[in-house]
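Predicted model follows, preceded by the sequence.
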Amino acid sequence: MEFVGGLVPLIILAAVIYAIVTAVSRSRRGRSDTSAPGIGARHAFYYLFSFTALMVSAGGASVLIGYIVDSLRGSLLVSPNESQLALGLALVVVGTPAWLFTWRQILKTIVASPHERRSQVRGLYIYVIEAVSIGFLAAGITSLINVFLGGDTLKGTHIAWPVAWGLIWSYHWWVESKLPASERAATPFRSIYLYIASAGFLVMLLTGLGVILQRLLDRAYTSMFFDDLLVTSNLWGDSLKTSLAVAIVGGFLWWWHWFRGTRSDEPTGARQVYIYIFGVLSGVVTVVAAVSLLIVILLQWLLSAPSISPADEHFRVLTTLIPWIMAGGLLWSYHASVLRSEAASAVAPESARSAYNYLVASLSLATLATGLIFLIALFISVTVTEARDYLVDRTGWQGQLSIVLTLLGVGGGIWAYYWLKVQKHARNSPEELETGSRRIHIYSVFGVSALAALGSLSTALFLLLQALLDSNLSAETLQDAQWAIAVLVTSGVASGYFALVIREDRRILVLREPAGDRAAKKRVTVLVPESALAVADALAVRLGYDVNVWLEPDMPDLPGVPQPSGEQIDATVNAITASQTDRVLVVMRGAALDVMPYRPE
């Protein structure tokens, strides 16, 4: 196991080579001292070589420290593992001097060129190392705490990983902390690292607490409803100890990265993704999924209590669902409070909040549509087939009906709440109608539902025509087409509704335009000689929109065409605007401009 742990960093190297090389081009931008040929490639080589050497050295140190710990415990005195010692020494002897040499060259470059501190390659190098080392550090500390709690026996890796990877992570965190905040924020990799680490360790915390709560609830449930022989005598088992260790490590490292690492962050894109997608949306999905399963279980019991397992067995799954609901609720409520505090201080951008609302509306609408499809298909199936078969074997439809009712209730309720919310905001603030989030949402839903309607209509017609041509049209044809019909009805309703939404949005946007602009926009055609094309251009500028131009050939035996004055151009524009039709023909006769409104037949 120690040998594998020593080689893991080397495997990671292949995954970061491409990212380091790609970042070279970004590091050249904004640097005044990188004009020398090959300097970007040389820096990339230093960072890549330094990363490789450090991973080799860290792997060797882990193997070597593990060997020393096992030797001190006496586990290797009887049968020494010379190969482990040889591997650790070889990796340390080769990797450490190579890393020290290349890292010193990097530090010299940073001192000689302050712009290097803003280098994207340097930022990628630092935060990839911190990400790798914090992963091994978290795993090592978790296993060490588990040993102290009595969940495992002490091994060399339990000490080696926290020591070796802890030193690497602490050193690079210290190096970055010495830089000014503006230089730390110059690279996006810092925010990416902090928010990914925050998300990962918060998941560790909630997972550990969830497993602990599940074990306690299951123990209490078993004691209340089952025989005492089924209750384990030792609640403080290995799984509970491991979960407690996971919760402790996850909680501390989440606090470190979230409260210490991101407390001075501006509302960057990474922060908004973390809060809205991971924090709020993940919490909502977790709670909704767990509550939906809870509703399904309850409906299954109400619809078929006599034919399924006893209540104590049927509802034992509550001991698992309750921790999920609580974990998702904590995730949701905490990040929602962060959003409220940032919204009160005008830190969170309105576009991010709008995108979140439409994203939740999209997911809930998909849930509602799925429920409607299943409901229609189930209705057709029960109506067409012999109903007595379903009444005799009630499990054939009661499970589906439970799922359908849950999808309709949960999806419909959430969609109604968020859709009415965004609709109210759009009516109170018409500029919301032109946001990218709304346009993407309504046009995506309309497009997907319209395509689904066309596809399902084609499928239903194919099945109908096939049955007609085979002289086999019967109730079974409707049964075969149940899913196509269900998708057609659902998608048809959705596409029709959102077509009305799009039409209403356009109407409101037109009404928001100034009355003068709406009246001035007409279909204007201008007939002018070729030498007077500037007259048509002048009319287009004064009107504020393009006009159609018809060119009349110049007569070679006539003198130059006189040009109308500015007053004549203004009078022509006023006549076009005041016309009662939406189509106007302007004809140039000499220096005069005749305005002729007309209507098509």
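Ah, there it is. All values derive from a computational prediction rather than experimental measurement. Residues are numbered from 1 along each chain as shown.

quick check: domain ranges of this structure?
1-179, 349-512, 516-598 (automatic domain parsing).

could the ones you listed be laid out in TSV, adding mean neighbour count, mean pLDDT and distance to Val211?
(C-beta placed from N, C-alpha, C; glycine too.) As requested, the domains of the chain are exported to TSV (neighbours: other CB atoms under 10 Å; pLDDT from 0 to 100; distance: least, CB to CB, whole Å):
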stretch	mean neighbour count	mean pLDDT	distance to Val211
domain 1-179	18	74	13
domain 349-512	16	82	26
domain 516-598	14	76	63
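
helix or strand for Val524, which one?
Using DSSP states H and E, Val524 maps to strand 523-529.

which other helices and strands contact that strand?
helix 533-543, strand 548-552, strand 583-589 (3 or more CB pairs under 8 Å, 6 or more residues apart in numbering; DSSP states H and E).

Put together JSON lines for those, with distance to Arg506 on each row.
Shown next, in JSON lines, are these (distance: least, CB to CB, whole Å):
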{"stretch": "helix 533-543", "distance to Arg506": "22"}
{"stretch": "strand 548-552", "distance to Arg506": "24"}
{"stretch": "strand 583-589", "distance to Arg506": "22"}
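
Indicate which one of the domains of the chain is closest to Ile212.
Nearest of these to Ile212, taken as CB to CB: domain 1-179 at 12.2 Å.

Could you list the paired strands of the strand holding Val524 along with their orientation?
According to DSSP bridges, strand 523-529 forms sheet pairs with strand 548-552 (parallel), strand 583-589 (parallel).

before we move on, the earlier item: just put the domains of the chain in CSV and tack on distance to Ala270.
What follows is these, written out as CSV (distance: least, CB to CB, whole Å):
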stretch, distance to Ala270
domain 1-179, 12
domain 349-512, 12
domain 516-598, 41
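
measure the nearest residue to Asp152 once chain neighbours are set aside to Ile248 for me?
Of all residues not flanking Asp152 in the chain, Asn146 sits nearest, at 5.1 Å (CB to CB, 6 or more residues apart in numbering). According to CB to CB, to the nearest Å, Asn146 and Ile248 sit 10 Å apart.

swap in Val526?
Distance of Val526 to Ile248, given as CB to CB: 79 Å.

Kindly report the same for Gly371.
Gly371 is 41 Å from Ile248, by CB to CB.

ditto for Trp103
33 Å.

Also compute the angle for the strand holding Val524 relative to helix 533-543, please.
Counting by axes from the mean of the first three to the mean of the last three CA atoms, to 10 degrees, strand 523-529 lies at 160 degrees to helix 533-543.

Strand 523-529: how far from the chain's middle?
52 Å (CA atoms, centre = their mean, to the nearest Å).

Repeat that for stretch 100-109.
For stretch 100-109, the distance to the chain centre is 38 Å (CA atoms, centre = their mean).

before we move on, back to that, correct me, but the residue nearest to Asp152 touches Ser239?
No: here Asn146 does not reach Ser239: they are 10.6 Å apart, not a contact under CB atoms under 8 Å.

which ones are touching the nearest residue to Leu331 once chain neighbours are set aside?
Spatial nearest neighbour of Leu331, excluding adjacent residues (CB to CB, 6+ apart): Gly283 at 3.6 Å. Neighbouring residues of Gly283 by CB atoms under 8 Å, 6 or more residues apart in numbering: Gly328, Gly329, Leu330, Leu331, Trp332, Ser333, His335.

Could you look up the SS state of Ser362?
Following DSSP: H, G, I helix; E, B strand; the rest coil, Ser362 is assigned to helix.

for His43, same thing?
Quick answer, by three-state DSSP: His43 is helix.

wait, it sits on His115?
No: applying CB under 8 Å as the test, His43 and His115 come out as separate, 11.2 Å apart.

And Tyr46, how close does it get to Lys178?
From Tyr46 to Lys178 the distance is 20 Å (CB to CB).

now His335
Between His335 and Lys178 the distance is 31 Å, computed by CB to CB.

swap in Ala131?
For Ala131, the distance to Lys178 - CB to CB - is 20 Å.

Next: Val573.
With distances taken as CB to CB, Val573 is found 66 Å from Lys178.

element containing Val445?
Here Val445 sits within helix 436-469, counting by DSSP H and E.

which secondary structure elements does the helix or strand following that helix contact?
Next in sequence after helix 436-469, counting helices and strands by DSSP H and E, comes helix 475-480. Counting contacts by 3+ CB pairs under 8 Å, 6+ apart, helix 475-480 packs against helix 350-384, helix 436-469.

Next up, phi/psi of the residue nearest to the spatial centre of the chain, please.
Nearest residue to the geometric centre of the chain (CA atoms, centre = their mean): Ile277, 5.3 Å. Dihedral angles of Ile277 (phi, psi; degrees, to the nearest 10) stand at phi -80, psi -60.

ok, it to Val291 distance?
20 Å.

sorry, back to before: need the next SSE after the helix or strand encompassing the residue nearest to Asp152, C-terminal direction.
Element membership for Asn146, per DSSP H and E: helix 120-148. Per DSSP H and E, the first helix or strand lying C-terminal to helix 120-148 is helix 156-177.
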